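Colleague: 3D, please:
(chains A and B, ligands or ions: 2)
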Amino acid sequence: MTAITDALVIMKRQLLQLVRVPEVLIFSTIQPVMFVLLFRYVFGGSISSGQPGGYVQLLMPGIFVQTVAFTLAGTAVGLAADMQKGLIDRFRSLPISRGAVVFGRTLGDAALNVVVLGVMGFAGFVVGWRPSSGFVHIVFGFLFLLVFGFAMSWIGVIIGLSVREERVAQNLVFISVFPLTFLSNAFAPTTGMPKALQYFAEWNPVSTMVAACRELFGLKNEFGATAGSFPSSHPLVMSLIYMVLIMAVFMPISIRKYIKAANK
Amino acid sequence: MKSVIAENLVKTYNKGSVRALDGLSLEVEEGTVLGVLGPNGAGKTTTVRILATLLNPDSGHASVGGIDVLKSPSEVRKIIGLSGQYAAVDETLTGWDNLVMFGRLYHLNANAAKARAEELLEQFSLSESGKRPIRTYSGGMRRRLDLAASLIVKPKVLFLDEPTTGLDPRGRQEMWGVIDELVKGGVTILLTTQYLEEADQLADEIAVIDHGKVIARGTSDQLKLQVGGERLEIIVENQHLNATNEIVARISGSATSIDEGMRQVSAPVTTGSKALIEAARALDEAGIHPLDIGLKRPSLDDVFLSLTGHVAEEKKEEEPTDPREKRRRIKEAKKGAKK
Ligand SMILES: Nc1ncnc2c1ncn2[C@@H]1O[C@H](COP(=O)(O)OP(=O)(O)OP(=O)(O)O)[C@@H](O)[C@H]1O
Ligand SMILES: [Mg+2]
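Modeller: Ligands and ions are numbered 1, 2, ... in the order given. Okay, the predicted model is just below:
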């Protein structure tokens, strides 16, 4: 019981930071919104989508997934900063439950995602995004995205606690997650890629997530269903497997890492 | 009763290449202040971190408030407060936010946490800046807030790692005042410092550590006595060196030393400023005008010089390999220091 309240206190701290320094929230929403506009108007004309309503219908799930995948950046950088400033040491000297700090952080990042996704959805709507699957499916789609972001967050925990240095965390995340989001069906069909990359893109969790979200928002997935492989024909199931897998692996490692964090 | 006991702590870093603690033992009597005095890299922070459950030693035992630090760290955390070497608070939040958050993490309910935050801000003269982000605080304010955060639930044992390093004289005075108050309230404190003066001011007992070992312990008077007390130092023109030496020898009554390069005559004195006045008068009568004249109190440098110099010799000759033998010798060394 106290484990939950402890985690909520830590989460609240993060939300309070957003109130005290609103710039953080503004910048974490400006970037994805900028992406929506750029892709919508720069590539929108040249990529044929075969969808009623045009490229923006396919684009939005892609950008949603890319954005929540980057949750791990926020988690990693935030924890690395806390490590650097000795705040983690202080938390570890308090009589709180052992998972509270990392759970609080990942929950806080998930809460931030609620806001970011809301703003992006609104921006998408303004530029013509019209999900057609009905209320329940749409809510489901967003929940799906939140859980994916939460799962990714746990990878960020490990990065943040390992590198102990804000800027290193930032760069590490950037060079690893960016390629992952582009080697996927998020922005363009995978059919144009070399065979090996196509294979990779098809199994890439980002692709299965994007395909699953397209389904949940009421679209046929036109990008990337090539060989009829398992992930491309069952994106929802595959994405769920990935999420469970990521959490099952990274949660225990992360909590362990936290307990031992400064014990070097 | 002993509130803190550390027994033969060993901690190495980088796969054994850095020996941060090398058989460190110390004790703090309940309700007293132990000053752990040591230069950079002596192992002060490492000791504090082990006692505060943040770090596991390679070997050795420790207990705080009668609870084993290694076996029941979560029990220990309930009775300790820690203020680390660098203020560890959330910089983006206000002082008030921080204290409320830590209060909640000590499982106070929302109202109690707020009331306690208010109280502590008041107590540490931070009421006015309580609503400002820590980012905008001075070093001294930050330090005070950090200390406040470790006092939310009145701890039985408080660890303060270099509580005044980086503070200006006024900030230091303020911090000393705060710590004095805590002591009156009956808290047991282990504080580390690089300043003999600070240990002198605050601690009931001092443990001098170097290279991860306690090399001496006792009250500050005992330690100073060991180093040799005050010295009278006079600098004069070259031609007056001999005459000055005679005067100093007469006043001091013990062996003088002459440094011709520095043109300085010095000798230990026991009568303090009285000796200084006598010397000044005698020099004046002899028509000698000193370039500089003063009493030098033993500094931390002197304490270290005399203590470490001593230990280093011993170590080179016969370093016992048996840890029990080692511990026995450390105990002996401690007894020696107490005499
Ligand atoms: N994480 C670490 N990795 C490697 N060596 C370390 C680590 N932490 C401390 N050390 C080494 O252990 C020794 C003791 O360090 P410690 O921080 O305990 O000293 P200290 O007395 O607190 O010094 P200071 O006055 O500078 O704070 C030093 O030689 C230091 O370099
Ligand atoms: Mg230190």
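
Colleague: residues from the stretch 101-250 of chain A in reach of ligand 1?
Modeller: The stretch 101-250 of chain A comes close to ligand 1 at no residue, as judged by CB under 6 Å from any ligand atom. (Glycine included, C-beta is placed from N, CA and C.)

Colleague: spell out the residue ranges of the strands in the stretch 151-300 of chain B.
Modeller: B:157-161, B:188-193, B:205-210, B:213-218, B:231-235, B:257-259, B:264-268, B:292-296 (DSSP state E, counting those that start in this stretch).

Colleague: please identify the most buried of those strands.
Modeller: Highest mean neighbour count of the strands of the stretch 151-300 of chain B: strand B:188-193, a mean of 26 (counted as mean count of other CB atoms under 10 Å in any protein chain shown).

Colleague: that one pairs with which strands?
Modeller: With DSSP bridges as the test, strand B:188-193 is paired with strand B:33-37 (parallel), strand B:157-161 (parallel).

Colleague: what's the closest of the ones you listed to A:M243?
Modeller: strand B:157-161 (42.0 Å; CB to CB).

Colleague: mean confidence for the closest one?
Modeller: The average pLDDT within strand B:157-161 is 95.

Colleague: so which residues make contact with that strand?
Modeller: Applying CB atoms under 8 Å, 6 or more residues apart in numbering or on different chains, the contact partners of strand B:157-161 are B:3-4, B:28, B:44-45, B:48, B:51-52, B:64-65, B:79-85, B:147, B:150-151, B:179, B:182, B:187-192.

Colleague: what residue in chain A comes nearest to chain B?
Modeller: Taking CB to the nearest CB, chain B has its nearest neighbour within chain A at A:G86, 3.7 Å off.

Colleague: doesn't B:V89 make contact with that residue?
Modeller: No - A:G86 is beyond contact range of B:V89, at 9.0 Å (criterion: CB atoms under 8 Å).

Colleague: more neighbours, those two?
Modeller: Higher neighbour count among A:G86 and B:V89: B:V89, with 23 against 17, using other CB atoms under 10 Å in any protein chain shown.

Colleague: can you map out the helices along chain A?
Modeller: Applying DSSP state H to chain A gives helices spanning A:2-20, A:23-38, A:55-69, A:71-84, A:87-92, A:100-126, A:135-163, A:166-182, A:195-203, A:205-216, A:230-233, A:235-260.

Colleague: secondary structure class for the residue in the stretch 51-200 of chain B positioned nearest to chain A?
Modeller: Going by CB to the nearest CB, chain A is nearest to B:A88 of the stretch 51-200 of chain B, at 3.7 Å. Here B:A88 is recorded as coil under DSSP: H, G, I helix; E, B strand; the rest coil.

Colleague: how many residues are close by it?
Modeller: With other CB under 10 Å as criterion, B:A88 counts 22.

Colleague: leaving aside the residues adjacent along the chain, what's closest to it?
Modeller: In this structure, B:A88 finds its nearest non-sequential neighbour in A:G86, 3.7 Å apart by CB to CB, 6 or more residues apart in numbering or on different chains.

Colleague: and the one you found, backbone torsions?
Modeller: Dihedral pair for A:G86: phi 80, psi 10, per degrees, to the nearest 10.

Colleague: got a pLDDT number for residue 10?
Modeller: Going with chain A. For A:I10, pLDDT reads 95.

Colleague: my bad, chain B
Modeller: With respect to pLDDT, B:V10 has a value of 96.

Colleague: B:L55 is in contact with that one, correct?
Modeller: No - using CB under 8 Å, B:V10 is not in contact with B:L55; the gap is 12.0 Å.

Colleague: neighbour count for those two, which is higher?
Modeller: Using other CB under 10 Å as the criterion, B:V10 and B:L55 rank with B:L55 on top: 21 against 16.

Colleague: on the three-state scheme, the more buried one is what?
Modeller: B:L55 ends up coil, using three-state DSSP.

Colleague: ok, and the closest non-adjacent residue to it?
Modeller: Residue nearest to B:L55 in three dimensions, not counting chain neighbours: B:R49, with 4.1 Å by CB to CB, 6+ apart.

Colleague: by contact count, what packs against the one helix or strand the one you found maps to?
Modeller: If you go by DSSP states H and E, B:R49 is part of helix B:44-51. Contact partners of helix B:44-51 among helices and strands, from 3 or more CB pairs under 8 Å, 6 or more residues apart in numbering or on different chains; DSSP states H and E: strand B:2-13, strand B:18-29, strand B:33-37, strand B:59-64, strand B:157-161, strand B:188-193.

Colleague: okay if I get these as a markdown table plus distance to ligand 2?
Modeller: Formatted as a markdown table, the helices and strands packed on helix B:44-51 follow (distance: least, CB to the ion, whole Å):
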| stretch | distance to ligand 2 |
| --- | --- |
| strand B:2-13 | 13 |
| strand B:18-29 | 10 |
| strand B:33-37 | 10 |
| strand B:59-64 | 18 |
| strand B:157-161 | 6 |
| strand B:188-193 | 7 |
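
Colleague: switch those over to a markdown table; also include distance to A:V210.
Modeller: Formatted as a markdown table, the helices and strands packed on helix B:44-51 follow (distance: least, CB to CB, whole Å):
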| stretch | distance to A:V210 |
| --- | --- |
| strand B:2-13 | 46 |
| strand B:18-29 | 49 |
| strand B:33-37 | 58 |
| strand B:59-64 | 53 |
| strand B:157-161 | 50 |
| strand B:188-193 | 55 |
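
Colleague: nearest to A:P61, of those?
Modeller: strand B:2-13 (48.5 Å).

Colleague: quick check, B:L70 in contact with B:N56.
Modeller: Yes - between B:L70 and B:N56 there is a contact under CB under 8 Å: 6.6 Å.

Colleague: list the contacts for B:N40?
Modeller: Listed by CB under 8 Å, 6+ apart, the contact partners of B:N40 are B:Q194.

Colleague: give me the neighbour count for residue 255.
Modeller: If you meant another chain, say so; for now it's chain A. 18.

Colleague: hmm, no, I was thinking of chain B.
Modeller: 8.

Colleague: pLDDT wise, what is B:E319 at?
Modeller: Value for B:E319, per-residue pLDDT: 42.

Colleague: show me what from chain B comes close to ligand 2.
Modeller: Residues of chain B lying close to ligand 2 by CB under 5 Å from the ion are B:44-45, B:85.

Colleague: can you pick the most crowded of these?
Modeller: B:K44 (24 neighbours).

Colleague: contacting residues for that one?
Modeller: So B:K44 contacts B:36, B:38, B:161-162, B:192, B:209 (CB under 8 Å, 6+ apart).

Colleague: go again using 6 Å as the cut-off
Modeller: Contacts of B:K44 were listed using CB atoms under 6 Å, 6 or more residues apart in numbering or on different chains, and they are B:36, B:38, B:192.

Colleague: next one: A:L18
Modeller: The contact partners of A:L18, by CB under 6 Å, 6+ apart, come to A:24-25.
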